[in-house]
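Undergrad: need coordinates for the below:
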Amino acid sequence: MNAQSKAVKQRQPQSAYIVEPSSNHIYSLFLLHGLGSNGEKFGSELIRTALCSDGQSLPELLPGARFIFPTAKRRRSSAFGRSKLTQWFDIASLDDPAHRQHTQVRGLEESLYEILKLVNEEADKVSAHHVLLGGLSQGSAMAAICLLYLQFPVGGFVGMSGWLPYRNDIHEALDNVSEDNIFEDENPFDTSSCAKMEDQDPIFKAVDFVRDLLGGDNQSPSQSALATPVFLGHGSADEKISIELGENARDTLRKAGFKVSWVAYQGHGHWYKVPEEVNDIVAFMRNNMKWTVENIRSR
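TA: Presented below is the predicted three-dimensional model:
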């Protein structure tokens, strides 16, 4: 392991599992594990089993990519009898993430700043456009909050079998955006109209809610943050996180203005589907994120 990997490990409250690129470092992928897992367990299994239809792994398709799998802190779990689990934030019910959702705030805030610190460091190395943020299950939920908090676009977001925390509140904030033409009969040279436009823009409503909830600064996000393309995949037979929760996340992110690619995998449960979902993610990287992905070899 090189010095950069050790440095990242030292800054993490728990160690991150890192797979270094096999060629020049061009891309950085952050993928967050689910409830009760850890970076090494999730990352090593994904690298080994997330294969395309021709058997190639993600590191083979992206030789210039650095794969970073952070590990969440151990926290008391309200959903599992106060047992200590690795989790990005506490949750009282997996069936209904909105149940007693105030228990989520502390973990969301702590994890948010840890993850964004790492994202900013990698963006300085390879540019924000060459960073992917995402995860599985609760990792996808945590990454979605990071996406709404970012002040700049990243290359892409990939959420697998996840949901959007505080989705109902965020959706309600978006519903409160006036559809009236606030500029009618106004002086087009009045600079105050820019602030009015910002107040009415859906993405600012969503971001403001997240920042108020998690103690964010007053710096406005860039409108270009909406340029981050989003991929969401979910199994129709997911027994842990219902597909309805994934659909709700899709609808709210679209309402905020993101371009969301959505795929439901019929009969599939709570995991990424091999090879179909892996193929779809690779196609998303190539077509939506405009990353250079090695050609999939034919059998």
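Undergrad: going forward, measure contacts between C-alpha atoms and count neighbours the same way
TA: Noted.
Undergrad: just give me the residue right at the centre of the protein.
TA: Residue closest to the average C-alpha location in the chain (CA atoms, centre = their mean): Ala143, at 3.0 Å.
Undergrad: contacts only, for Gly269.
TA: Counting by CA atoms under 8 Å, 6 or more residues apart in numbering, Gly269 touches 235-239.
Undergrad: go with 10 Å
TA: 161, 234-243 (CA atoms under 10 Å, 6 or more residues apart in numbering).
Undergrad: helix or strand for the residue nearest to the centre of the chain, which one?
TA: In this structure, Ala143 sits in helix 138-149 according to DSSP states H and E.
Undergrad: Phe30 now?
TA: Using DSSP H and E, Phe30 sits within strand 27-32.
Undergrad: before we move on, what about Thr252?
TA: Going by DSSP H and E, Thr252 is in helix 243-256.
Undergrad: let me see the mean pLDDT of that helix.
TA: Summarised as a single mean, pLDDT over helix 243-256 is 96.
Undergrad: counting contacts, what elements does that helix pack onto?
TA: Applying 3 or more CA pairs under 10 Å, 6 or more residues apart in numbering; DSSP states H and E, we find helix 243-256 packed against helix 138-149, strand 156-160, helix 167-175, helix 202-214, strand 230-235, strand 260-265.
Undergrad: for burial, what's the neighbour tally of Gln266?
TA: As a burial measure, Gln266 scores 11 neighbours (other CA atoms under 10 Å).
Undergrad: before we move on, what about Asp54?
TA: Neighbours of Asp54 (other CA under 10 Å): 12.
Undergrad: surely it meets Glu276?
TA: No. Shown here, Asp54 and Glu276 do not form a contact pair, counting by CA atoms under 10 Å, at 11.1 Å.
Undergrad: for Leu132, what are phi and psi?
TA: Dihedral pair for Leu132: phi -110, psi 140, per degrees, to the nearest 10.
Undergrad: find me the pLDDT at the closest residue to Ala173 other than its chain neighbours, would you?
TA: In this structure, Ala173 finds its nearest non-sequential neighbour in Lys205, 6.0 Å apart by CA to CA, 6 or more residues apart in numbering. As predicted, Lys205 sits at a pLDDT of 82.
Undergrad: kindly report the same for Ala16.
TA: Reported pLDDT for Ala16: 94.
Undergrad: that one contacts Gly43, doesn't it?
TA: Yes. Ala16 lies in contact with Gly43 (CA under 10 Å); the separation is 9.4 Å.
Undergrad: overlap in contacts, these two.
TA: The contact sets of Ala16 and Gly43 overlap at 68-71 (CA under 10 Å, 6+ apart).
Undergrad: of these - the most surrounded one?
TA: Highest neighbour count within the shared contacts of Ala16 and Gly43: Thr71, with 30 neighbours (other CA under 10 Å).
Undergrad: since we're on Gln151, how many residues are nearby?
TA: 17.
Undergrad: so is it in a helix, a strand, or just coil?
TA: Following DSSP: H, G, I helix; E, B strand; the rest coil, Gln151 is assigned to coil.
Undergrad: over to it: give its phi and psi.
TA: phi -100, psi 10.
Undergrad: same check on the one 3 residues further on?
TA: With angles defined as degrees, to the nearest 10, Val154 sits at phi -110, psi 180.
Undergrad: try Asn38
TA: The phi/psi pair for Asn38 (degrees, to the nearest 10) is phi -150, psi 170.
Undergrad: so it touches Ala16, yeah?
TA: Yes. Using CA under 10 Å, Asn38 and Ala16 qualify as a contacting pair, with a distance of 8.5 Å.
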